[in-house]
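Undergrad: Mind looking at a prediction? Sequence and model below.
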2 protein chains.
Amino acid sequence: MKTIEVCLTPELLHQHSIVEKVAVVVDVLRASSTMITAFAHGLERLMPVAYVEGCVALQRLDYLSAGERDGAKVEGFNFGNSPYDVMHGDLQGKSLAMTTTNGTLAIEKSKSAKKLLIGAFLNLSALADRIKELNEDTLVLCAGWKGQMNLEDTLFAGALVAQLTNDFKAKGDSALAARLLYENAKNDLYGVISQTSHAQRLKKLSADDDMRFCLKKDEYHVVPFLESEHLVV
Amino acid sequence: MKTIEVCLTPELLHQHSIVEKVAVVVDVLRASSTMITAFAHGLERLMPVAYVEGCVALQRLDYLSAGERDGAKVEGFNFGNSPYDVMHGDLQGKSLAMTTTNGTLAIEKSKSAKKLLIGAFLNLSALADRIKELNEDTLVLCAGWKGQMNLEDTLFAGALVAQLTNDFKAKGDSALAARLLYENAKNDLYGVISQTSHAQRLKKLSADDDMRFCLKKDEYHVVPFLESEHLVV
């Protein structure tokens, strides 16, 4: 039976042999949720970019731009790091350049994986099905918050471990802890996550609706994956 | 109100300003539990040592020796890394040199703290009282397992955060996650920890009794702290 491991922050990624694994990058609030929403609304390809300046350069090649710094939309960009933003844009067949504080860094660090998938509650079941099809040792990389673990990504990792419990062997205490946390929080994810400092920041940014949306399970069935420099579906 | 933070593994210690804080080093299975047990049975001072060879050198200065490598007692040492071992030794007024895989490393990394305390379930309430007396920003450093987080140290960190909830502000998602894990596991700590690979290793080493003992709360009232090169009470 193949294994599933959880890496709680990119700073611990060196403990895992990512080149031998399928990597699932998760940044529930809000990068991976926004990416999944964009693809569900017709986006053709997405380039994750580390710096704001990279998005600006790609705008000149007719890429749309999305992203945040400290949670707020970058000035001059088409969209913030928000599912509601992108679902109301015209994305059909378009290319998007996106930069976020933690999510794009986690993707950058995972490029050497056998396959890189994007996960969030919004595509939980479709993602689990895709992982079962691939049937390789799998690593869930939580984007965290500036190097530290965060609760929402850990809870999502736990949800995925729980969903794959009959098909994959959970390996390591991080996977076990994530599953235990999820099983105890699953009936009130919003209430539990509201206790975090990140949730408090989002509420101040009037992003409470975003947060509620990002915690919906199986809203979409797309599973973005990395192909060369772009995420596609 | 002062804060309490949790660092899940020594590899994330650089994220915390330890020089400004009281540090609590925890290695529930079994280094910190064994240290606390030794002091409760009359030990005068304990030098944590990174290498087996260091303990051997100190034996020549009439130090007793304790420690493990890969969980098993080091050949030629007086004691293993086991509370039951040390409680049956004659420790009254003695000096002990001790080396363990994870615990002594965590102590080494925390020496720059304002004050370094040793914690485990065995001295939970006495430790909480001591932290309240000191009334400084506090960091719980989980020794983990070879750089990775482990469940038992995280659960202890959660127990301490819960016990200090009226007196200290829990800061960061690690502290919140640890408290949530503890609150859901507290009525069956042994059952939850038995699921971990470390518990399976200890069972193979016939250390199941040690594990049960290490999960007892408030068996002792000593709180070892670092004074120059030695732990004392």
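TA: Ah, there it is.
Undergrad: can you pull out the helices in chain A?
TA: For chain A, applying DSSP state H gives helices covering A:31-40, A:52-59, A:83-87, A:103-109, A:124-134, A:151-163, A:173-185, A:189-193, A:197-204, A:208-214.
Undergrad: Show me what from chain A comes close to chain B.
TA: Residues of chain A lying close to chain B (CB under 8 Å from any CB of the partner chain) are A:8-9, A:11-12, A:15, A:145, A:147-151, A:154, A:172-174, A:176-177, A:180-181, A:184-185, A:192, A:195-198. For every residue, glycine as well, the C-beta is placed using N, CA and C.
Undergrad: Would you list the buried entries among those?
TA: Among the residues of chain A next to chain B, those classed as buried by 16 or more other CB atoms under 10 Å in any protein chain shown are A:8-9, A:11-12, A:15, A:145, A:148-151, A:154, A:172-174, A:176-177, A:180-181, A:184-185, A:192, A:196, A:198.
Undergrad: show me the contacts for the closest residue to A:Leu127 other than its chain neighbours.
TA: Once flanking residues are discounted, A:Leu127 sits nearest to A:Gly119: 4.6 Å by CB to CB, 6 or more residues apart in numbering or on different chains. Each residue near A:Gly119 by CB atoms under 8 Å, 6 or more residues apart in numbering or on different chains is listed here: A:Val24, A:Val25, A:Val26, A:Ser32, A:Leu127, A:Val140, A:Phe156, A:Leu160, A:Val223.
Undergrad: Let me know the closest of these to chain B.
TA: Nearest to chain B among those is A:Phe156, at 13.0 Å by CB to the nearest CB.
Undergrad: Now do the contacts for that closest one.
TA: A:Val26, A:Val28, A:Gly119, A:Ala120, A:Phe121, A:Leu124, A:Val140, A:Cys142, A:Tyr182.
Undergrad: Please report the distance of it from A:Ile118.
TA: Remark: distance between A:Phe156 and A:Ile118 (CB to CB, to the nearest Å) = 12 Å.
Undergrad: likewise A:Leu8?
TA: A:Leu8 is 18 Å from A:Ile118, by CB to CB.
Undergrad: need the contact list for the residue nearest to A:Asp85 when sequence neighbours are not counted.
TA: Nearest-residue entry for A:Asp85: A:Phe79, 4.1 Å, with adjacent residues in sequence omitted and distances by CB to CB, 6+ apart. A:Phe79 makes contact with A:Thr34, A:Leu64, A:Ser65, A:Ala66, A:Gly67, A:Lys73, A:Asp85, A:Val86, A:Gly89, A:Leu96, according to CB under 8 Å, 6+ apart.
Undergrad: Go again with 10 Å.
TA: A:34, A:38, A:64-68, A:73, A:85-89, A:91, A:96, A:98 (CB atoms under 10 Å, 6 or more residues apart in numbering or on different chains).
Undergrad: A:Glu53 too?
TA: Neighbour list for A:Glu53: A:Thr99 [criterion: CB under 10 Å, 6+ apart].
Undergrad: rewinding a little: how about the contacts of A:Gly119 in JSON lines, adding distance to B:Thr104 and pLDDT?
TA: Listed next are those as JSON lines, based on distance: CB to CB, whole Å; pLDDT from 0 to 100:
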{"residue": "A:Val24", "distance to B:Thr104": "36", "pLDDT": "98"}
{"residue": "A:Val25", "distance to B:Thr104": "35", "pLDDT": "98"}
{"residue": "A:Val26", "distance to B:Thr104": "35", "pLDDT": "98"}
{"residue": "A:Ser32", "distance to B:Thr104": "39", "pLDDT": "97"}
{"residue": "A:Leu127", "distance to B:Thr104": "41", "pLDDT": "98"}
{"residue": "A:Val140", "distance to B:Thr104": "31", "pLDDT": "98"}
{"residue": "A:Phe156", "distance to B:Thr104": "35", "pLDDT": "98"}
{"residue": "A:Leu160", "distance to B:Thr104": "36", "pLDDT": "98"}
{"residue": "A:Val223", "distance to B:Thr104": "45", "pLDDT": "98"}
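Undergrad: of the residues you listed, closest to B:Lys111?
TA: For these, the residue nearest B:Lys111 by CB to CB is A:Val140; the value is 34.4 Å.
Undergrad: thought the closest one was touching A:Cys7?
TA: Yes: counting by CB atoms under 10 Å, A:Val140 does reach A:Cys7; the two are 6.9 Å apart.
Undergrad: Could you name every residue contacting both of those two?
TA: Taking CB under 10 Å, 6+ apart as the contact rule, A:Val140 and A:Cys7 both touch A:Ala23, A:Ala157, A:Ser174, A:Ala175.
Undergrad: which one of the residues you listed is nearest chain B?
TA: The shortest approach to chain B among the shared contacts of A:Val140 and A:Cys7 belongs to A:Ser174, at 5.8 Å (CB to the nearest CB).
Undergrad: residue contacts, the closest residue to that closest one other than its chain neighbours?
TA: Counting by CB to CB, 6+ apart, A:Ser174 lies nearest to A:Val6, which is 4.2 Å off, once chain neighbours are set aside. Contacts for A:Val6 (CB under 10 Å, 6+ apart) come out as A:12, A:16, A:24, A:26, A:138-142, A:149, A:153-154, A:156-158, A:160-161, A:170-179, B:149.
Undergrad: give me the number of residues near A:Gly191?
TA: Counted by other CB atoms under 10 Å in any protein chain shown, the residues lying close to A:Gly191 total 9.
Undergrad: Most remote residue from the middle of chain A, which is it?
TA: A:Arg60 (26.6 Å; CA atoms, centre = their mean).
Undergrad: got the phi/psi numbers for that residue?
TA: Torsion angles at A:Arg60 (phi, psi; degrees, to the nearest 10) stand at phi -70, psi -20.
Undergrad: quick one: it and A:Phe168, what's the gap?
TA: Taken as CB to CB, the span from A:Arg60 to A:Phe168 is 44 Å.
Undergrad: same check, this time on A:Val6
TA: Taking CB to CB as the measure, A:Val6 falls 12 Å from A:Phe168.
Undergrad: list residues touching both of these two?
TA: Common contacts of A:Val6 and A:Phe168, defined by CB under 10 Å, 6+ apart, comprise A:Thr138, A:Leu160, A:Val161, A:Ala175.
Undergrad: would you list those residues in JSON lines and tack on neighbour count?
TA: Shown next, in JSON lines, are these (neighbours: other CB atoms under 10 Å in any protein chain shown):
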{"residue": "A:Thr138", "neighbour count": "26"}
{"residue": "A:Leu160", "neighbour count": "28"}
{"residue": "A:Val161", "neighbour count": "27"}
{"residue": "A:Ala175", "neighbour count": "23"}
